[in-house]
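Novice: Generate a structure from the sequence data that follows.
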Amino acid sequence: MRQARRLVLPCRSDWRGRLRRVLGNPRDPNLRAEYNAGLETGARTAAGVELMLVVARTTIDLQPRHADDGAGSDPVGLQAAVAKGLRSTALGGNGMRPREAMDDALKDAITQNLRPKGFTGSLPHLRRRSDAQVCLVSFQFFSAGGSFAVEVAECGPDGFTTSWGKHKPPHTVTAQDIPAPRPRLGSAVFPQGDHWFVFGPRYYEPGAEKLQPRAEYKALAVDALRYIESQAEPFWQQQLSART
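Specialist: Just a heads-up that it's a prediction; the model follows:
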């Protein structure tokens, strides 16, 4: 694939900063990582800089001039559009990046392997409810890209109440709501230890934008989910037995 030529412009940092000020910084950690990666990628290419100029100018025109002008544009939607647009343009029109390819592979693996087991929800949070407990799975992507962890937890059938008194009902509770135990699948000393499934370099490292064959992402997704059977299921059963 032919790469966009690099361009050094004195104004590129100024426009990148101005774009950030206009759109704000996404609160969602996954979107924030994609957004930041898109901005960094775009700032390194002529196409990305050009798009940044256009989007920033257009966005500034869309923003309400005063607080009483109304809601104006949707900042989260704009953030997502900008991130995707920067990636697509900077990569020569190929909007698919390794993170998106990994997401697609995980969604397929979830449909094939976890849905039949009774799991509901969507990436990154899944749950399986029964009369005895709620089994929880959450996927956490590294903020700089290139890897993800799979955390598991469980709670009673009525959900979970935090230490500050907020109740998380069973249909919305996630593994990340449970402070402990919340081990990560794949660890050689599970339920202790740590483990990350690596699908590429971090976004600031060489080769971060290179897509691998689809089969490699699919194989990694299947490999990650096979630990549901070998590690998560015994863990959930042990936690249930200890709690009851």
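Novice: C-alpha only now, for contacts and for neighbours.
Specialist: Will do.
Novice: So which helix or strand of the protein has the lowest pLDDT on average?
Specialist: With mean pLDDT, DSSP states H and E as the measure, the helix or strand of the chain carrying the lowest mean pLDDT is helix 46-62 (a mean of 49).
Novice: Show me the domain layout of this structure.
Specialist: The chain is divided into the following domains under automatic domain parsing: 12-90, 98-243.
Novice: how about the strands in the protein?
Specialist: Chain-ordered strands for the chain, with DSSP state E as the definition, fall at 120-122, 125-129, 134-141, 147-155, 160-161, 167-168, 197-198.
Novice: Could you save the ones you listed as a markdown table and add columns showing mean neighbour count and mean pLDDT?
Specialist: Compiled in a markdown table, these are given as follows (neighbours: other Cα atoms under 10 Å; pLDDT from 0 to 100):
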| stretch | mean neighbour count | mean pLDDT |
| --- | --- | --- |
| strand 120-122 | 15 | 95 |
| strand 125-129 | 22 | 97 |
| strand 134-141 | 23 | 98 |
| strand 147-155 | 24 | 98 |
| strand 160-161 | 18 | 96 |
| strand 167-168 | 14 | 96 |
| strand 197-198 | 17 | 98 |
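Novice: For the ones you listed, give me TSV that also has distance to Q231.
Specialist: As requested, the strands of the chain are exported to TSV (distance: least, Cα to Cα, whole Å):
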stretch	distance to Q231
strand 120-122	19
strand 125-129	16
strand 134-141	12
strand 147-155	10
strand 160-161	22
strand 167-168	25
strand 197-198	15
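Novice: contact partners of stretch 160-174?
Specialist: Contacts of stretch 160-174 from elsewhere in the structure, counted by Cα atoms under 8 Å, 6 or more residues apart in numbering, are 125-127, 129, 134, 136-138, 157-159, 177-178.
Novice: go again using 6 Å as the cut-off
Specialist: D158, G159 (Cα atoms under 6 Å, 6 or more residues apart in numbering).
Novice: buried sites along stretch 165-180?
Specialist: Along stretch 165-180, these residues count as buried under the neighbour rule (16 or more other Cα atoms under 10 Å): K168, P170, H171, V173, T174, A175, Q176, D177, I178.
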